[in-house]
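A.B. asks: only geometry, no sequence info:
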Ligand code: IVH
């Protein structure tokens, strides 16, 4: 390759890899498969080796992917927003060289044998766990600190979250060293992952792409109590050699297991390439039956003296390598295509497949996303299609086998009318999905809205699919407000209802009247308003009347509310039938105000809209919570109605200028704190408004809800 062409490609690859690394580690929403990513990284490595004149210390080949919100030092405001304190690693947290080729494993072994000629050594073969890396510090036997890998040099302090992971001991036993580090992986087992995604899909929240993203996202939740419910587990696989005094890796891990730490049990010591290959072959199959995701095998030189001889590159040890498995695929026949209508009217094509075994589960259905995707695949009923799972809950169709096509098979016709109610479908230009516009008459949409309203995270009313179906079929309920008019007499007249069931249902209906406003708002099922957005909106406006009167601009003042959500909210309240339903629900006794009052600390800031800018002694999110907890409102832009600008270090110059122009006072953090009543514990407001009590400070770095990406395949998909 010409030098100039190489430079262009190198720059291009660095950019692609940086962008995808951010999507993988920070957003937990990768858009490229691991395999594609690794191939591009290997191409860059080859080019950099061939053209060393283009070396750069910033190249992705020299840096480990960072899970920090921003590169260190790049943007302090964004770091504060992240909500986790960043702390340095005692020893850098490196990555592993990887390959998909057995030939390269043979080369690794040959190289090690050559370098270590005359030295007796062995290989520790282990599973490569597909989760998110963690570094634990134990002092005097007690868990003292847990850091994410971050950028390898410093990581996010997630200690409080890690304390909620069931198999991580708080206290060790036996002859543990007084102060040491141990590293491993936080994993979300498939069962927990499936349950979490089912819940998220029922709530129209974006499901996690795979257990790895789910584990990484869950570890960075702001509320440790929520972490406790995510079903995470930990497996440990590395004690930095500097941290303890052992002769080999396996001895260190065996000791750690004796101290009560969860150490990987699938490790084997191998002595030559034959044993290594046997280990790989075994786990290539056996891993399909493990309860958690693995994406390869790690081969490490076991003796620490030998490890020292081999040393490190900038990014990874020379004494270890990962052999990665390719994502599993299956090929099966497409039997038919269903078109599902969700509660917002979106129509999703779903493929019915001849059942096929894939990653330990029997796959019968797969999403086809939308009409464009079907056209792109050029798919026909009767085709043999490739399905991939790679840990995702909803298998994807990734391609077709053209050799298998039946002659004369015609392309499927996407319905022009709603498969449920027959109304002609519509499609907005910017959307990839077709919609049934018959919101008030389409049975699927009506039932979907009722189901959403009664769901656990919404009003938590004891009614499932069957009950909703019954209510709909008998005409007892078409809108949520109808539910509150149902009498015991009416229930008992329905098939299969006994006295006890009726009472339990009515009691849950009664209890729902205590559900806080933010959940009621979520239950209304406004498009794009998921749980977290509803919380933010409810807290911001306080009650439904203020919200109903809000303009798009006012809605946009809320963090994480963008144009799409704002428009959707305004449209919702513009419809007389929605206002009428709210009036009926209010008359039934549901709560439409009082958002955030349960956590009020004082009313020192009542009636004041305060805009904050810069960095404070606590995160910006916590600062906003502090304002609301004392009765104030946190605004995002300075306007005539701003009471004052609370300025930390490095406040935004634009905001300062605007304050000067409008004559709005600018107040320091100290002055602000002086306005608040004395706290019992002056330790800091982060204690006083611990998110456990005030609510989640910030959504996790993964997209929790909000506008679904155009063409998203997840909206209201009820596949299983
Ligand atoms: S050892 C200095 N062992 O894979 C080497 N890593 O792609 C430290 N991983 O960052 C890592 N299973 O998060 C090691 N058995 C295992 C592993 C493992 C999974 C992860 C780890 C690492 C990444 C590299």
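C.D. replies: Sure, I can see it. These figures come from a predicted structure and were not determined experimentally.

A.B. asks: Look up which helix or strand the residue of the stretch 401-550 of the chain found nearest the ligand falls in, please.
C.D. replies: In the stretch 401-550 of the chain, the residue found nearest to the ligand is residue 532; the distance is 28.2 Å by Cβ to the nearest ligand atom. Yep, even glycine has a C-beta here, placed from its N, CA and C like the rest. Residue 532 is part of helix 531-541, with elements assigned from DSSP states H and E.

A.B. asks: so residue 438 sits right up against residue 426, yeah?
C.D. replies: No - contact criterion Cβ atoms under 8 Å: residue 438 and residue 426 do not qualify, at 10.0 Å.

A.B. asks: Can you tell me the SS state at the closest residue in space to residue 207 that isn't next to it in sequence?
C.D. replies: In space, not counting the residues next to it along the chain, residue 207 is nearest to residue 197; the distance is 4.0 Å by Cβ to Cβ, 6 or more residues apart in numbering. Following DSSP: H, G, I helix; E, B strand; the rest coil, we place residue 197 in the helix state.

A.B. asks: Check residue 603 too.
C.D. replies: Per three-state DSSP, the local secondary structure of residue 603 is coil.

A.B. asks: what sits against the nearest residue to it once chain neighbours are set aside?
C.D. replies: Spatially, and ignoring its direct neighbours in sequence, residue 603 is nearest to residue 631 (3.9 Å; Cβ to Cβ, 6+ apart). Neighbour list for residue 631: 600, 602-608 [criterion: Cβ atoms under 8 Å, 6 or more residues apart in numbering].

A.B. asks: Quick check: of these, which lies closest to the ligand?
C.D. replies: Distances from the contacts of residue 631 to the ligand were compared by Cβ to the nearest ligand atom; the smallest belongs to residue 600, at 42.6 Å.

A.B. asks: Could you pick out the residues of this structure near the ligand for me?
C.D. replies: 94-96, 126, 128-129, 133, 185, 237-238, 298, 317, 320, 322 (Cβ under 6 Å from any ligand atom).

A.B. asks: follow-up on the earlier one: next one, pLDDT for the residue of the stretch 401-550 of the chain closest to the ligand please.
C.D. replies: Residue 532 carries a pLDDT score of 75 in this model.

A.B. asks: how about the helix or strand that contains residue 22: buried residues?
C.D. replies: In this structure, residue 22 is located in helix 3-25 according to DSSP H and E. Buried residues in helix 3-25, defined by neighbour count with 16 or more other Cβ atoms under 10 Å: 6, 9-10, 13-14, 16-18, 20-22, 24-25.

A.B. asks: quick one: which of residue 438 and residue 426 has more around it?
C.D. replies: Each of residue 438 and residue 426 has its neighbours counted (other Cβ atoms under 10 Å); residue 438 has more, 21 against 12.

A.B. asks: same question for whatever helix or strand residue 226 lives in, mean pLDDT?
C.D. replies: Using DSSP H and E, the secondary-structure element containing residue 226 is helix 224-228. Within the predicted structure, the mean pLDDT of helix 224-228 is 85.

A.B. asks: again, but for stretch 270-282
C.D. replies: Here the mean pLDDT over stretch 270-282 is 96, rounded to a whole number.

A.B. asks: For that stretch, which residues meet the burial criterion?
C.D. replies: Buried residues in stretch 270-282, counting neighbours by 16+ other Cβ under 10 Å, are found at 270, 273, 276-277, 279-280.

A.B. asks: quick check, nearest of the residues you listed to residue 162?
C.D. replies: residue 279 (30.0 Å; Cβ to Cβ).

A.B. asks: excluding its backbone neighbours, what's nearest the closest residue to the ligand within the stretch 301-450 of the chain?
C.D. replies: Evaluated by Cβ to the nearest ligand atom, the stretch 301-450 of the chain has residue 317 as its residue closest to the ligand, separated by 4.7 Å. Excluding its sequence neighbours, the residue lying closest to residue 317 (Cβ to Cβ, 6+ apart) is residue 94, at 6.2 Å.

A.B. asks: okay, now that neighbour: neighbour count?
C.D. replies: Residue 94 sits with 20 neighbouring residues when counted by other Cβ under 10 Å.

A.B. asks: what's the answer for residue 107, then?
C.D. replies: Under the neighbour criterion other Cβ under 10 Å, residue 107 is assigned a count of 13.

A.B. asks: helix/strand/coil for it?
C.D. replies: Taking three-state DSSP as the rule, one finds residue 107 in the helix state.

A.B. asks: what do you get for the one 10 residues further on?
C.D. replies: For residue 117, the secondary structure call by three-state DSSP comes out as coil.

A.B. asks: Residue 658 - that's part of a strand, no?
C.D. replies: No - with the criterion set as three-state DSSP, the secondary structure at residue 658 is helix rather than a strand.

A.B. asks: unless I'm mixing things up, it is touching residue 651, no?
C.D. replies: No - contact status for residue 658 versus residue 651: not in contact, 11.2 Å apart, counting by Cβ under 8 Å.

A.B. asks: For the ligand, see how far away residue 269 is.
C.D. replies: 14 Å (Cβ to the nearest ligand atom, to the nearest Å).

A.B. asks: Doesn't that residue lie inside a strand?
C.D. replies: Yes - assignment of residue 269 by three-state DSSP places it within a strand.

A.B. asks: That one and residue 250 touch, don't they?
C.D. replies: Yes - under the criterion of Cβ under 8 Å, residue 269 makes contact with residue 250 at 6.1 Å.

A.B. asks: Give the residues shared as contacts by the two.
C.D. replies: Common neighbours of residue 269 and residue 250, using Cβ under 8 Å, 6+ apart, are 124, 302.

A.B. asks: In terms of neighbours, single out the busier of these two.
C.D. replies: With other Cβ under 10 Å as the criterion, residue 269 and residue 250 differ in neighbour count, and residue 250 comes out ahead with 18 against 14.

A.B. asks: For the host helix or strand of that one, name the packing helices and strands.
C.D. replies: Secondary structure from DSSP H and E places residue 250 in helix 249-258. With contacts taken as 3 or more Cβ pairs under 8 Å, 6 or more residues apart in numbering; DSSP states H and E, helix 249-258 sits against strand 233-238.

A.B. asks: Give me the three-state assignment for residue 511.
C.D. replies: In the three-state summary, residue 511 is assigned as helix, counting by three-state DSSP.

A.B. asks: Tally up the residues packed near residue 144, please.
C.D. replies: Each residue near residue 144 was counted by other Cβ under 10 Å, and the total is 13.

A.B. asks: what's the closest non-adjacent residue to it?
C.D. replies: Using Cβ to Cβ, 6+ apart and skipping the chain neighbours, the partner closest in space to residue 144 is residue 137 (4.8 Å).

A.B. asks: Determine the number of other residues adjacent to that neighbour.
C.D. replies: Here the count is done by other Cβ under 10 Å, and residue 137 has 19 residues near it.

A.B. asks: Pull up the pairing partners for the host helix or strand of it, direction included.
C.D. replies: Following DSSP H and E, the helix or strand that holds residue 137 is strand 132-139. When sheet partners are counted by DSSP bridges, strand 132-139 sits next to strand 142-148 (antiparallel), strand 179-187 (antiparallel).

A.B. asks: winner for burial among those strands?
C.D. replies: Burial of the strands paired with strand 132-139 is given as mean neighbour count (mean count of other Cβ atoms under 10 Å); strand 179-187 ranks first at a mean of 22.
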